[in-house]
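A.B. asks: make a model of this:
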Amino acid sequence: MHKAMARYFIIPLLLISLSSLAQDYKSQIAAFRQQYEDDFLTDQNSPLAKADLQNLRFYDADSTYRVVAKAEMLLNEAAFVMPVFSGNGRQYIRYALLKFELKGKPMQLTVYRNIALSATAQYKDYLFLPFTDESNGKDTYGGGRYIDLKATDFKDGEVVVDFNKANNPYCAFSGGYSCPKAPGENHLQIAVEAGEKQFAGAHKL
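C.D. replies: The predicted structure follows:
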């Protein structure tokens, strides 16, 4: 086949491939969000009932908010009490410093480990990534959002951070929960238009 003619076949195939990847990603995020909603119905401490789920709001899935971060593991960190919106704080340690680019800008966030949870077999690999950004109080919950990670997500000094999986703390839906406040070092000077938006229903007391 002539090279010039071959290009006419390669370009459409490339576009089809990229479209397929984008669709697969949207399907993955849709499945993640469905599980997130389902968990409200099985968690005994859930702030939401089935009728409330219609008021959950999310940004459209956007793969540009899925980033690969360089991870600097933090050793010999002292424990500290992370403040909460109400109630008593919990002890955490700084686990890793993440550096990445988002929308062409250099960013960094700190990942934390809950000391009490890490002492239990079920949650020994659980890590906590709370953050605030410029969308808070506008399109998203004013207190910031959370991303769950695991120690096993870290490979070869890197970890994937997907802001499409950023969710609201229970305090965004109801009072009576001890939701950790994102430390000041985890504020991003950008509006993160990905993940969960402000809850559209009434805040329960």
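A.B. asks: isn't L205 up against Y177?
C.D. replies: No: look at L205 against Y177 with CB atoms under 8 Å: they stay out of range, at 11.8 Å. Yep, even glycine has a C-beta here, placed from its N, CA and C like the rest.
A.B. asks: the more surrounded of the two?
C.D. replies: Neighbours per residue (other CB atoms under 10 Å) separate L205 from Y177, with Y177 holding more: 16 against 6.
A.B. asks: need the contact list for the more buried one.
C.D. replies: P47, F85, S86, G87, P169, Y170, C171 (CB atoms under 8 Å, 6 or more residues apart in numbering).
A.B. asks: and what of P83?
C.D. replies: Per CB under 8 Å, 6+ apart, neighbours of P83: G89, P180, K181.
A.B. asks: got a PyMOL select line for the buried ones in the contacts of Y177?
C.D. replies: Buried subset of the contacts of Y177, written as a PyMOL selection, criterion 16 or more other CB atoms under 10 Å:
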select buried, resi 47+169+170+171
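A.B. asks: now the two most distant members of the contacts of Y177.
C.D. replies: P47 and G87 (14.3 Å; CB to CB).
A.B. asks: which other helices and strands contact the strand ranked longest in the chain?
C.D. replies: Using DSSP state E to define each element, the chain has its longest strand at strand 90-102. Using 3 or more CB pairs under 8 Å, 6 or more residues apart in numbering; DSSP states H and E, the elements in contact with strand 90-102 are strand 66-73, strand 80-82, strand 105-114, helix 115-118, strand 126-133, strand 158-162.
A.B. asks: how about that strand: buried residues?
C.D. replies: By 16+ other CB under 10 Å, the buried positions in strand 90-102 come out as R90, Y92, R94, Y95, A96, L97, L98, F100, L102.
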